[in-house]
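Asker: Mind looking at a prediction? Sequence and model below.
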Amino acid sequence: NAGVTQTPKFRILKIGQSMTLQCTQDMNHNYMYWYRQDPGMGLKLIYYSVGAGITDKGEVPNGYNVSRSTTEDFPLRLELAAPSQTSVYFCASSYSPDVSVGTNTEAFFGQGTRLTVV
Amino acid sequence: GQQVMQIPQYQHVQEGEDFTTYCNSSTTLSNIQWYKQRPGGHPVFLIQLVKSGEVKKQKRLTFQFGEAKKNSSLHITATQTTDVGTYFCAGPGSNYQLIWGAGTKLIIKP
C-alpha cells in the first residue's frame, strides 16, 4: 500500500525556472492538500482540493498553481521560481477533514520535496 | 479568521521528565487531531478526539479534548529519546481545510 507518493524528493532550481511537484495517492481520498514548511516552522496551506475538478486557494497560493484532473493526482506547479519558495513541500490526503463529513479524518502525508531556489 | 494557537513553541526536558503541549481554538471544533513530526520527516497522525471532555491514552501519551471542544492537550509521561520531534494539533476549518497549530518542539537535554 503506497499511500501518498511525492516526487521528486530533492530539487535545486535557478531563479526564474519552473517545475511541477508530483503527488499521487492510492487511497481513493477526495481531499488533497499542498503545504509548505519553512525551517523550524509550521505548515502553511498552499492549495487544496475537495475532489476531482475542484481546487481552492489556501493561505499562501501566490506563485503556485494546481490541477486535479483525477482523484489520484494533485500536481503543484511553481512558475518563475524565487528564493522565497525555498522550502519543504508536503502533499497530504484524507478521506474527510471533519467528522461531519466522515468519521475517519486522518491525513496521510507524502515524504516531502526539499526545494532550494538559487 | 479561525485560528488554532499552540503553546509552548519549544520545550526542553531531561529524559524521564514529563512534557505537555496545549492547543486553543478560536472556534468550537467538531474534532481535533494530533500529529508527530520527527526531525527530517513528515507529520504522522497520532489520534483523533471527537467527544466533549474526551480523554484517550496511547501508552505514555495522554490526549484530552476540552469540555467546550475549543482546547486540547497532549501529555507525555517520562519522556524517552524516541519522543523527540514536533507535535502538532489540527482541527477542521471552514471550506474543508485543516487549521494547524504552530507545533511544539520536544527537545531532550543531553
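Answerer: Yep, it's here.

Asker: how about B:Ser26, what does it touch?
Answerer: Applying Cβ atoms under 8 Å, 6 or more residues apart in numbering or on different chains to B:Ser26 gives the contacts B:2-5, B:70. Glycine gets a C-beta too; all of them are placed from N, C-alpha and C.

Asker: Name the nearest of these relative to chain A.
Answerer: B:Val4 (10.0 Å; Cβ to the nearest Cβ).

Asker: Now the closest one: phi and psi?
Answerer: phi -120, psi 110 (degrees, to the nearest 10).

Asker: Kindly report the same for A:Ser94.
Answerer: With angles defined as degrees, to the nearest 10, A:Ser94 sits at phi -150, psi 160.

Asker: Might one say that it is in contact with A:Asn28?
Answerer: No - counting by Cβ atoms under 8 Å, A:Ser94 does not reach A:Asn28; the two are 11.3 Å apart.

Asker: hmm, back to that, please list only the buried members of the contacts of B:Ser26.
Answerer: With neighbours counted by 16 or more other Cβ atoms under 10 Å in any protein chain shown, the contacts of B:Ser26 contain buried members at B:4, B:70.

Asker: now the contacts of B:Ser26 in JSON lines, with distance to chain A?
Answerer: Below are those laid out as JSON lines (distance: Cβ to the nearest Cβ, whole Å):
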{"residue": "B:Gln2", "distance to chain A": "12"}
{"residue": "B:Gln3", "distance to chain A": "11"}
{"residue": "B:Val4", "distance to chain A": "10"}
{"residue": "B:Met5", "distance to chain A": "11"}
{"residue": "B:Lys70", "distance to chain A": "16"}
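
Asker: so of the contacts of B:Ser26, which ones are in strands?
Answerer: If you go by DSSP state E, the contacts of B:Ser26 have B:4-5 in strands.

Asker: Could you tell me how far the helix-or-strand element of chain B with minimal mean pLDDT lies from the centre of the chain?
Answerer: Lowest by mean pLDDT, DSSP states H and E among the helices and strands of chain B is strand B:98-100, with a mean of 92. Distance of strand B:98-100 from the chain centroid (Cα atoms, centre = their mean, to the nearest Å) equals 12 Å.

Asker: what are the pairing partners of that strand, and which direction each?
Answerer: strand B:85-92 (antiparallel) (DSSP bridges).

Asker: Pull out the CA atoms of the strand it pairs with and give them to me as CSV.
Answerer: What follows is strand B:85-92, C-alpha atoms only, in CSV (Å, rounded to 0.1, in the frame of the first residue of the first chain):
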residue,chain,number,x,y,z
GLY,B,85,10.1,15.7,17.4
THR,B,86,7.4,18.4,16.8
TYR,B,87,3.9,17.8,17.9
PHE,B,88,1.0,19.5,16.0
CYS,B,89,-2.7,19.8,16.7
ALA,B,90,-5.1,20.4,13.8
GLY,B,91,-8.8,21.0,13.6
PRO,B,92,-11.3,21.3,10.7
